[in-house]
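> this one's sequence-less:
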């Protein structure tokens, strides 16, 4: 029996997926287990795996097989799978090998210089390397743009958010940008008039924190037969759908931040774990873009776990775990702690209200840079002007300003908007879920997350990459991304609670 | 600049090595970290990696490249590297793809049936699957035998012990087999006349055991910047030369067995770590066959760590770690404990004196089976006859007899002799080292292992696969494997100490 072109593609993509999974495990190990002396060899292992994967994806016959498969008799999820195969292949073949190598070198160089520049708060010293990298990124954007018939920025965005368009982002970000400054003022006034939240007093033993994290992970539906919780410097969700591995780090003087981080990563993990088993190993079975992924972590963290309902249920469990006493352990205090708003310089420490300002600023700047409307040396001034306008702050140095994030210096252009798209998507999905399933909210208040997880599995996790982000959102919530939903969420939580 | 044939081969084998390393890390993870639900996906990842590696090694042009490289201008370690490349390629291409697939299936089937057969002590039920597997193993032996111009058994042995020959093994095993039964009787008589060793009383907390193991590992030269110690059901040494990972398991009622296991695996680890850095990623840079590998673990465990000198140094450290008191912690008692001889049925629990009997029995039987002089149904009777002759014991059931080891049921034929070749090689290497460097023995007695490690690095670890086992031994000790050295070691330790 001869294989159809489509079947041949499935077989090749299955191998590709297994090798990508292997790479994911090596990546997790690198961050969570590997001794420092293993770094060089590990880089070699990962580079060779990448090269083998690239070779499989760009083999000369793939283009013909994809073309031939278009006329195969496909059913169910297969056409979507073929669409994803084509997208991966087109993206992988868009860049010449010379450009890929040049980019990779420029990224390593720029990242290394950035580390020094950030430490010394010396933006000038990274300007030449960043200019060279940006030129190559723009060259790559142009090559992808031509292949994908997308604008320069959209061509980059497409790697993180397939189907994403700057024109759609502009609509929702313009809306938010108009709303946030005034709203932030109102929230700050209101919070200033209330008692300041009190941080429960430690010490909080690492192993107790871990046990508590595991308890909540299990309640949320994380299956330890198919996953782990470990420690790494930068928390993340890694591994594979059948073996999802999240990490955190512990501060024995403050458990609240690590715990919320664990819940955030649990949101990512539930998504990976909920990807449709029958499509495993095929592109259609993988997670949709980064904004949906981020929506799942933020739905759990922001929508669920920073809510009054969740904290009513969770506060006594936290208190009992650490044998705490006093009013700091009251749900009301923990809620004020977990929803405290405070404009500050650093994105990764930002609260739910000010976070979008950080993202919008980066999105505006990276678009201007990609589109040639701004040059690298102009970044610090534009950054500081934006921070002043959006949050009323000016970073004391570029270390707390334009040097704080790795992304640009490592070649990840077009990634930033997905954070806030994820936050907005989370609000919209959670709103629709609560409306569709009345048991969800009372469930959360008593620690029963099954109704929510069921809805998410059906409407998000189980869809894999069947639908593009916009269509998934329309199917799940009845409309495309609507900034009013996120605005209303913020107003309700920060002005009316 | 065009690459020479040899340079092309180096590039391909570098990729192969990186992918094999990736597989080693996945293998370690599978045993030490992976949650049970990850097993199926992991099997897929490893299978695809294997297939990719096989594809690289058997690509149609490799044979021509190897032939062409023979006329390239090679220097230093390059000819040995090319020799190893040829060996790997010849072995990989000796079997038809059909035979490889049939073997793999027969191994899985037979192994699964064996698990049940062992549990039920029912050898008969595994006979059909084992017969089928043995037929395929013999077919593979015939194919390799033709390609490598070796006898059937040597063709199998060659995968574990390159250059190994049954005729050489026969010489040393015949010698041992003649010596052991009488010797064992003398040792048992002598030990019966001495006070029985006392096991120190626990409990021994897992974390204390781990800290103690780490202390000795570091003293021996294990570098935790390039390695880890973890837990697994079956202890092993895995990972890669720059990131060596050993495992153990802890029994909180008896620390002695886990600790000695850690020291054994440390011997393997020091070998991997000591492989020559400039040859990394090439076949010549890898560890020589299994008997040298086992010699390095047994040199550390048997020659060094079960010696009176080591235990003089180690006993107070063990006692202090567990805050022990009493005569059970005296070096003399611990020495008698660690050198207690007791004939028993199970190989993996055997002491230094009776272990070779287990191996010699298996070697004799597997040769007869491979050479067609014996059939599968004859195994239990032959096994029990051999146990009676060698150790004066008859297993109560086949569970404690011919069903105890996985090897044959999993297709690992030709592996067993390397255990005892390793023990004998360890004695010979250690003897030569002590003679060459007078500081080694007094060093051990005060916990200074640097002189020993230096000698091993120069004479064994740093050689990689430059020399075949026999030549390595001649260079390091002045002669090929000499059974008298091992005999003398046993006599000295068990009759004269």
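Structure's in. What do you need? As the structure is a prediction and not an experimental result, all values here were calculated from the model.
> Not including adjacent chain positions, what is the nearest residue to residue A:343?
residue A:391 (4.3 Å; Cβ to Cβ, 6 or more residues apart in numbering or on different chains). All C-beta spots, glycine's among them, are computed from the backbone N, C-alpha and C.
> Can you check what pLDDT the model gives that neighbour?
The predicted local distance difference test score for residue A:391 is 96.
> who touches it in this structure?
Contacts for residue A:391 were tallied using Cβ atoms under 8 Å, 6 or more residues apart in numbering or on different chains; they are A:184, A:343-344, A:354, A:357.
> if I look at it, how far off is residue A:175?
18 Å (Cβ to Cβ, to the nearest Å).
> can you check residue A:427 too?
13 Å.
> Single out the residue in the stretch 101-250 of chain A that lies closest to chain B.
Among the residues of the stretch 101-250 of chain A, residue A:243 lies nearest to chain B; the distance is 3.1 Å by Cβ to the nearest Cβ.
> ok, now which ones touch the spatially closest residue to that residue that is not a sequence neighbour?
Among residues not flanking residue A:243 along the chain, residue B:38 sits closest, at 3.1 Å (Cβ to Cβ, 6+ apart). The neighbours of residue B:38, taking Cβ under 8 Å, 6+ apart as the test, are A:226, A:239-240, A:242-243, B:30.
> Just the ones in helices from those, please.
When helices are assigned by DSSP state H, the members of those inside them are residue B:30.
> By neighbours, which of the contacts of residue B:38 wins?
Neighbours were tallied for each of these (criterion: other Cβ atoms under 10 Å in any protein chain shown), and the maximum of 30 neighbours falls on residue A:243.
> coming back round to it: looking at residue A:427 and residue A:175, which one has more neighbours?
Summary of the neighbour comparison: residue A:427 and residue A:175, criterion other Cβ under 10 Å, with residue A:427 having more neighbours (27 against 16).
> Poorly predicted segments of chain A, please.
When the per-residue scores of chain A are filtered using pLDDT under 70, the ranges that remain are A:1.
> Would you mind listing what in it touches chain B?
Remark: the part of chain A in contact with chain B comprises A:14-15, A:18-19, A:21-23, A:25-26, A:29, A:33-38, A:40-42, A:44-45, A:47-49, A:51-52, A:223-228, A:239-243, A:280-281, using Cβ under 8 Å from any Cβ of the partner chain.
> Out of these, which end up buried?
A residue is treated as buried here by neighbour count (16 or more other Cβ atoms under 10 Å in any protein chain shown); on that basis the buried members of the residues of chain A next to chain B are A:15, A:18-19, A:21-23, A:25-26, A:29, A:33-35, A:37-38, A:41-42, A:44-45, A:48-49, A:52, A:226-228, A:239-243, A:280-281.
> Which of those residues fall in strands?
When DSSP state E defines the strands, the subset of those inside them is A:227-228, A:239-240, A:243.
> among those residues, which two are most distant?
The widest separation within these, taken as Cβ to Cβ, falls between A:228 and A:240 and amounts to 11.7 Å.
> how about residue A:403, what does it touch?
When contacts are counted by Cβ under 8 Å, 6+ apart, residue A:403 is found next to A:114, A:117-118, A:121, A:123, A:126.
> Likewise for residue A:485?
If you count contacts by Cβ under 8 Å, 6+ apart, residue A:485 has them with A:424, A:427-428, A:431.
> mind putting the residues you listed in a markdown table, secondary structure included?
A markdown table is the format used below for the contacts of residue A:485 (DSSP: H, G, I helix; E, B strand; the rest coil):
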| residue | secondary structure |
| --- | --- |
| A:424 | helix |
| A:427 | helix |
| A:428 | helix |
| A:431 | helix |
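> Just the buried residues out of these, in PyMOL syntax.
One line in PyMOL is enough to select the buried members of these, burial here meaning 16+ other Cβ under 10 Å:
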select buried, chain A and resi 424+427+428+431
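> of the contacts of residue A:485, closest to residue B:451?
Ranking the contacts of residue A:485 by separation from residue B:451, with Cβ to Cβ as the measure, puts residue A:424 on top at 66.9 Å.
> now the residue lying closest to that closest one once chain neighbours are set aside: how far from residue B:108?
Nearest non-adjacent residue to residue A:424, counting by Cβ to Cβ, 6+ apart: residue A:486, 4.2 Å away. When Cβ to Cβ is applied, the distance between residue A:486 and residue B:108 equals 53 Å.
> show me the contacts for the most centrally placed residue in chain A.
By Cα atoms, centre = their mean, chain A has its centre lying nearest to residue A:294, at 3.9 Å. By Cβ under 8 Å, 6+ apart, the residues touching residue A:294 are A:418-419, A:421-423, A:425-426.
> Most proximal residue of the stretch 1-150 of chain A with respect to chain B?
When distances are taken as Cβ to the nearest Cβ, the stretch 1-150 of chain A reaches nearest to chain B at residue A:38, 3.1 Å away.
> what about the residue nearest to residue A:227 when sequence neighbours are not counted, neighbour count?
Closest residue to residue A:227 apart from its sequence neighbours, by Cβ to Cβ, 6+ apart: residue A:244 at 4.1 Å. Residue A:244 is flanked by 30 other residues according to other Cβ under 10 Å.
> isn't residue A:244 right next to residue A:274, touching?
No. Judged on Cβ atoms under 8 Å, residue A:244 makes no contact with residue A:274 at a distance of 9.9 Å.
> Check the secondary structure at the residue lying closest to residue A:194 once chain neighbours are set aside for me.
What sits nearest to residue A:194 in space, not counting adjacent residues and going by Cβ to Cβ, 6+ apart, is residue A:336, at 6.9 Å. Per three-state DSSP, the secondary structure class of residue A:336 is helix.
> likewise residue A:245?
Using three-state DSSP, the secondary structure recorded for residue A:245 is strand.
> pretty sure it is touching residue A:33, no?
No. The criterion here is Cβ under 8 Å, and residue A:245 misses it with residue A:33 at 10.1 Å.
> Give me the common contacts of those two.
Shared between the contact lists of residue A:245 and residue A:33 (criterion: Cβ under 8 Å, 6+ apart) are residues residue A:230.
> Show me which residues of the one helix or strand residue A:182 maps to are buried.
With elements taken from DSSP states H and E, the one containing residue A:182 is helix A:166-192. For helix A:166-192, the neighbour count (16+ other Cβ under 10 Å) marks A:166, A:168-169, A:172-173, A:175-177, A:179-180, A:183-184, A:187-188, A:191 as buried.
> Report the two of those residues separated the most.
The largest separation in the buried residues of helix A:166-192, counting by Cβ to Cβ, is between A:166 and A:191 at 34.0 Å.
> And the strands in the stretch 101-250 of chain A?
With DSSP state E, counting those that start in this stretch applied, the stretch 101-250 of chain A shows strands at A:227-231, A:237-240, A:243-248, listed in chain order.
> Remind me what the helix or strand that the last one is followed by packs against, helices and strands.
Which is strand A:243-248. Going down the chain from strand A:243-248, the next helix or strand is helix A:256-274, by DSSP H and E. With contacts defined as 3 or more Cβ pairs under 8 Å, 6 or more residues apart in numbering or on different chains; DSSP states H and E, helix A:256-274 has these neighbours: helix A:206-220, strand A:227-231, strand A:237-240, strand A:243-248, helix A:290-298, helix A:331-338, helix A:450-459.
> If we use 6 Å, what do you get?
helix A:206-220, strand A:237-240, strand A:243-248, helix A:290-298 (3 or more Cβ pairs under 6 Å, 6 or more residues apart in numbering or on different chains; DSSP states H and E).
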